[in-house]
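Enquirer: Sequence and predicted structure below; questions after.
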Amino acid sequence: MQSNVVDLRGTVLRSIDLDDRVFGIQPNQAVVHQAVVTQEANARQGTHDTRTRGETAGGGKKPYRQKGTGYARQGSRRAPHYRGGGIVFGPHPRSYEKALPRKMRRLALRSVLSAHAAEQTLTIVDAFTLGEAKTKSLLDVLSTLGAPEGAVIVLGERSDMVFRAARNLDRVHVVTPNGLNLLDLLRLPRVILAEAAVAELTRTLTADLAPASVEAAE
(Lines give C-alpha, C1' and ligand atoms only; values in the text may rest on other atoms or scores of the structure.)
Protein backbone atom coordinates (compact mmCIF):
# COMPACT_ATOMS: atom_id res chain seq x y z
CA MET A 1 0.00 0.00 0.00
CA GLN A 2 1.06 3.59 -0.61
CA SER A 3 1.37 6.34 1.98
CA ASN A 4 2.45 9.96 1.81
CA VAL A 5 5.50 11.22 3.67
CA VAL A 6 5.11 14.74 5.02
CA ASP A 7 7.34 17.19 6.81
CA LEU A 8 6.51 18.79 10.16
CA ARG A 9 4.59 21.54 8.37
CA GLY A 10 2.27 18.97 6.80
CA THR A 11 3.64 19.39 3.27
CA VAL A 12 3.65 16.17 1.22
CA LEU A 13 7.18 15.33 0.16
CA ARG A 14 6.80 11.94 -1.54
CA SER A 15 5.03 8.59 -1.38
CA ILE A 16 6.44 5.35 -0.04
CA ASP A 17 5.36 1.72 -0.15
CA LEU A 18 4.22 0.24 3.16
CA ASP A 19 4.43 -3.49 3.74
CA ASP A 20 0.90 -4.91 3.61
CA ARG A 21 1.93 -7.57 6.12
CA VAL A 22 2.31 -4.83 8.75
CA PHE A 23 -0.01 -2.03 7.67
CA GLY A 24 -2.59 -3.78 5.49
CA ILE A 25 -3.85 -6.89 7.27
CA GLN A 26 -7.32 -7.62 8.63
CA PRO A 27 -6.98 -6.89 12.38
CA ASN A 28 -7.22 -9.97 14.58
CA GLN A 29 -9.38 -8.68 17.41
CA ALA A 30 -9.11 -11.88 19.46
CA VAL A 31 -5.31 -11.72 19.53
CA VAL A 32 -5.36 -7.99 20.31
CA HIS A 33 -7.69 -8.66 23.25
CA GLN A 34 -5.47 -11.45 24.52
CA ALA A 35 -2.39 -9.24 24.23
CA VAL A 36 -4.11 -6.43 26.16
CA VAL A 37 -5.17 -8.80 28.94
CA THR A 38 -1.64 -10.18 29.15
CA GLN A 39 0.02 -6.77 29.26
CA GLU A 40 -2.36 -5.42 31.90
CA ALA A 41 -1.96 -8.56 34.00
CA ASN A 42 1.83 -8.33 33.83
CA ALA A 43 1.64 -4.72 35.02
CA ARG A 44 -0.04 -5.76 38.28
CA GLN A 45 2.28 -5.81 41.27
CA GLY A 46 0.41 -8.48 43.18
CA THR A 47 1.58 -7.12 46.54
CA HIS A 48 -1.89 -7.02 48.15
CA ASP A 49 -2.04 -8.85 51.46
CA THR A 50 -4.38 -9.45 54.39
CA ARG A 51 -3.63 -10.98 57.79
CA THR A 52 -5.02 -14.32 58.83
CA ARG A 53 -5.89 -14.95 62.47
CA GLY A 54 -2.43 -16.41 62.93
CA GLU A 55 -0.78 -13.17 61.78
CA THR A 56 -2.74 -10.64 63.85
CA ALA A 57 -1.29 -9.39 67.12
CA GLY A 58 -2.86 -10.55 70.39
CA GLY A 59 -5.57 -13.08 70.91
CA GLY A 60 -3.48 -15.50 72.90
CA LYS A 61 -5.88 -15.66 75.82
CA LYS A 62 -9.46 -16.89 75.90
CA PRO A 63 -11.76 -13.88 76.07
CA TYR A 64 -13.78 -15.51 78.88
CA ARG A 65 -14.12 -18.86 80.56
CA GLN A 66 -15.38 -21.86 78.65
CA LYS A 67 -18.58 -22.55 80.59
CA GLY A 68 -21.15 -20.80 82.71
CA THR A 69 -21.39 -17.45 80.92
CA GLY A 70 -24.29 -18.22 78.64
CA TYR A 71 -22.22 -17.14 75.65
CA ALA A 72 -20.86 -19.35 72.94
CA ARG A 73 -17.40 -20.68 73.68
CA GLN A 74 -14.58 -18.62 72.20
CA GLY A 75 -10.89 -19.28 72.01
CA SER A 76 -9.51 -15.95 70.74
CA ARG A 77 -10.50 -12.33 70.10
CA ARG A 78 -8.63 -12.61 66.81
CA ALA A 79 -11.08 -15.10 65.33
CA PRO A 80 -12.48 -13.91 61.96
CA HIS A 81 -15.92 -13.00 63.30
CA TYR A 82 -14.48 -10.49 65.79
CA ARG A 83 -13.66 -6.92 64.88
CA GLY A 84 -9.90 -6.78 64.52
CA GLY A 85 -9.74 -10.48 63.87
CA GLY A 86 -8.09 -12.27 60.98
CA ILE A 87 -9.43 -12.18 57.43
CA VAL A 88 -10.79 -15.34 55.87
CA PHE A 89 -9.92 -16.05 52.23
CA GLY A 90 -8.38 -12.58 51.82
CA PRO A 91 -5.82 -11.76 49.12
CA HIS A 92 -2.16 -12.61 49.59
CA PRO A 93 0.89 -11.75 47.46
CA ARG A 94 0.86 -13.56 44.15
CA SER A 95 2.07 -13.19 40.58
CA TYR A 96 -0.41 -12.31 37.85
CA GLU A 97 2.14 -12.87 35.09
CA LYS A 98 0.85 -14.31 31.84
CA ALA A 99 2.86 -15.53 28.88
CA LEU A 100 2.05 -14.68 25.28
CA PRO A 101 3.96 -16.15 22.33
CA ARG A 102 6.13 -13.70 20.46
CA LYS A 103 4.27 -14.36 17.19
CA MET A 104 1.00 -13.36 18.85
CA ARG A 105 2.54 -10.18 20.29
CA ARG A 106 3.76 -9.19 16.86
CA LEU A 107 0.40 -10.03 15.29
CA ALA A 108 -1.35 -7.81 17.84
CA LEU A 109 0.93 -4.87 16.97
CA ARG A 110 0.47 -5.45 13.23
CA SER A 111 -3.30 -5.58 13.74
CA VAL A 112 -3.44 -2.25 15.57
CA LEU A 113 -1.07 -0.55 13.11
CA SER A 114 -3.21 -1.83 10.22
CA ALA A 115 -6.33 -0.49 11.94
CA HIS A 116 -4.72 2.95 12.27
CA ALA A 117 -3.72 2.85 8.60
CA ALA A 118 -7.24 1.85 7.52
CA GLU A 119 -8.80 4.61 9.63
CA GLN A 120 -6.28 7.16 8.28
CA THR A 121 -4.99 7.98 11.75
CA LEU A 122 -1.42 7.06 10.76
CA THR A 123 0.96 9.82 9.67
CA ILE A 124 4.48 9.29 8.33
CA VAL A 125 6.98 12.13 8.59
CA ASP A 126 10.40 12.29 7.01
CA ALA A 127 11.97 13.13 10.39
CA PHE A 128 10.60 14.27 13.73
CA THR A 129 12.97 16.83 15.20
CA LEU A 130 12.57 19.92 17.36
CA GLY A 131 14.89 22.88 17.57
CA GLU A 132 14.28 23.22 21.31
CA ALA A 133 12.85 21.07 24.07
CA LYS A 134 9.66 23.12 24.46
CA THR A 135 6.26 21.58 25.06
CA LYS A 136 4.59 24.43 23.17
CA SER A 137 6.72 23.71 20.09
CA LEU A 138 5.71 20.05 20.18
CA LEU A 139 2.03 20.91 20.57
CA ASP A 140 2.24 23.27 17.59
CA VAL A 141 3.74 20.50 15.46
CA LEU A 142 1.08 18.00 16.55
CA SER A 143 -1.67 20.47 15.76
CA THR A 144 -0.20 21.02 12.28
CA LEU A 145 -0.07 17.26 11.70
CA GLY A 146 -3.72 16.84 12.73
CA ALA A 147 -3.04 15.33 16.14
CA PRO A 148 -4.02 18.04 18.66
CA GLU A 149 -5.65 15.46 20.95
CA GLY A 150 -2.51 13.39 21.31
CA ALA A 151 -0.50 10.74 19.52
CA VAL A 152 2.08 8.02 19.76
CA ILE A 153 5.27 9.38 18.21
CA VAL A 154 7.68 6.71 17.00
CA LEU A 155 11.14 8.11 16.30
CA GLY A 156 13.80 6.50 14.17
CA GLU A 157 16.33 7.09 16.94
CA ARG A 158 16.20 8.64 20.38
CA SER A 159 15.92 12.44 20.51
CA ASP A 160 16.29 14.03 23.93
CA MET A 161 14.66 17.22 22.64
CA VAL A 162 11.44 15.43 21.71
CA PHE A 163 11.42 13.28 24.83
CA ARG A 164 11.82 16.30 27.09
CA ALA A 165 9.17 18.30 25.23
CA ALA A 166 6.64 15.49 25.68
CA ARG A 167 7.54 14.66 29.26
CA ASN A 168 4.64 16.60 30.80
CA LEU A 169 1.99 15.53 28.28
CA ASP A 170 -0.20 12.60 29.25
CA ARG A 171 -1.71 12.38 25.76
CA VAL A 172 1.64 12.20 23.96
CA HIS A 173 3.91 9.18 24.17
CA VAL A 174 7.32 9.23 22.48
CA VAL A 175 9.13 5.96 21.81
CA THR A 176 11.66 4.35 19.53
CA PRO A 177 10.56 1.28 17.50
CA ASN A 178 11.69 -1.24 20.12
CA GLY A 179 9.61 0.56 22.78
CA LEU A 180 6.30 0.57 20.92
CA ASN A 181 3.50 -0.27 23.34
CA LEU A 182 0.20 -1.90 22.36
CA LEU A 183 -1.78 -0.14 25.10
CA ASP A 184 -0.53 3.28 23.96
CA LEU A 185 -1.52 2.50 20.37
CA LEU A 186 -5.04 1.72 21.57
CA ARG A 187 -5.25 4.58 24.07
CA LEU A 188 -4.09 7.45 21.88
CA PRO A 189 -6.02 8.55 18.79
CA ARG A 190 -3.18 8.92 16.28
CA VAL A 191 0.19 7.41 15.38
CA ILE A 192 3.05 9.47 13.93
CA LEU A 193 5.92 7.42 12.49
CA ALA A 194 9.29 8.74 11.42
CA GLU A 195 10.24 7.26 8.05
CA ALA A 196 13.25 5.54 9.61
CA ALA A 197 10.96 3.91 12.18
CA VAL A 198 8.77 2.43 9.43
CA ALA A 199 11.65 0.36 8.10
CA GLU A 200 12.67 -0.81 11.58
CA LEU A 201 9.11 -1.76 12.57
CA THR A 202 8.64 -3.62 9.29
CA ARG A 203 11.84 -5.57 9.82
CA THR A 204 10.94 -6.48 13.41
CA LEU A 205 7.27 -7.30 12.96
CA THR A 206 7.80 -9.48 9.87
CA ALA A 207 10.78 -11.43 11.21
CA ASP A 208 8.68 -14.58 11.63
CA LEU A 209 6.69 -14.21 8.38
CA ALA A 210 7.32 -15.45 4.89
CA PRO A 211 8.74 -12.86 2.47
CA ALA A 212 6.14 -10.70 0.76
CA SER A 213 7.08 -12.05 -2.68
CA VAL A 214 6.42 -15.62 -1.56
CA GLU A 215 3.00 -14.69 -0.20
CA ALA A 216 2.15 -12.88 -3.41
CA ALA A 217 3.15 -15.93 -5.49
CA GLU A 218 0.88 -18.17 -3.41
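Expert: Looks like it arrived, so ask away.
Enquirer: what sits against residue 22?
Expert: Residue 22 sits next to 110, 113-114, 201-202, 205-206 when contact means CB atoms under 8 Å, 6 or more residues apart in numbering. Using the backbone N, CA and C atoms, a C-beta is placed for each residue, glycine as well.
Enquirer: quick one: secondary structure of it?
Expert: Under DSSP: H, G, I helix; E, B strand; the rest coil, the three-state class of residue 22 is helix.
Enquirer: What pLDDT is listed against it?
Expert: pLDDT recorded at residue 22 is 93.
Enquirer: before we move on, what about residue 153?
Expert: Residue 153 is assigned 94 on the pLDDT scale.
Enquirer: about what we covered before: got the contacts of residue 22 as a markdown table, with pLDDT, neighbour count and distance to residue 181 columns?
Expert: As requested, those are exported to a markdown table (pLDDT from 0 to 100; neighbours: other CB atoms under 10 Å; distance: CB to CB, whole Å):
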| residue | pLDDT | neighbour count | distance to residue 181 |
| --- | --- | --- | --- |
| 110 | 95 | 25 | 14 |
| 113 | 95 | 26 | 12 |
| 114 | 95 | 22 | 17 |
| 201 | 93 | 21 | 13 |
| 202 | 92 | 19 | 18 |
| 205 | 92 | 21 | 14 |
| 206 | 91 | 16 | 19 |
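Enquirer: remind me which residues of the protein are low pLDDT?
Expert: Across the chain, the ranges flagged by pLDDT under 70 are 212-218.
Enquirer: which residues of it fall in strands?
Expert: 2-6, 12-17, 122-125, 151-154, 172-175, 191-194 (DSSP state E).
Enquirer: wait, which of the ones you listed is closest to residue 52?
Expert: Checking the strands of the chain against residue 52 by CB to CB gives strand 172-175 as the closest, at 42.0 Å.
Enquirer: how far out from the middle of the chain is the closest one?
Expert: 12 Å (CA atoms, centre = their mean, to the nearest Å).
Enquirer: Who are the contact partners of the residue nearest the centre of the chain?
Expert: In the chain, the residue lying closest to the centroid (CA atoms, centre = their mean) is residue 183, at 2.9 Å. Residue 183 makes contact with 36, 39-40, according to CB under 8 Å, 6+ apart.
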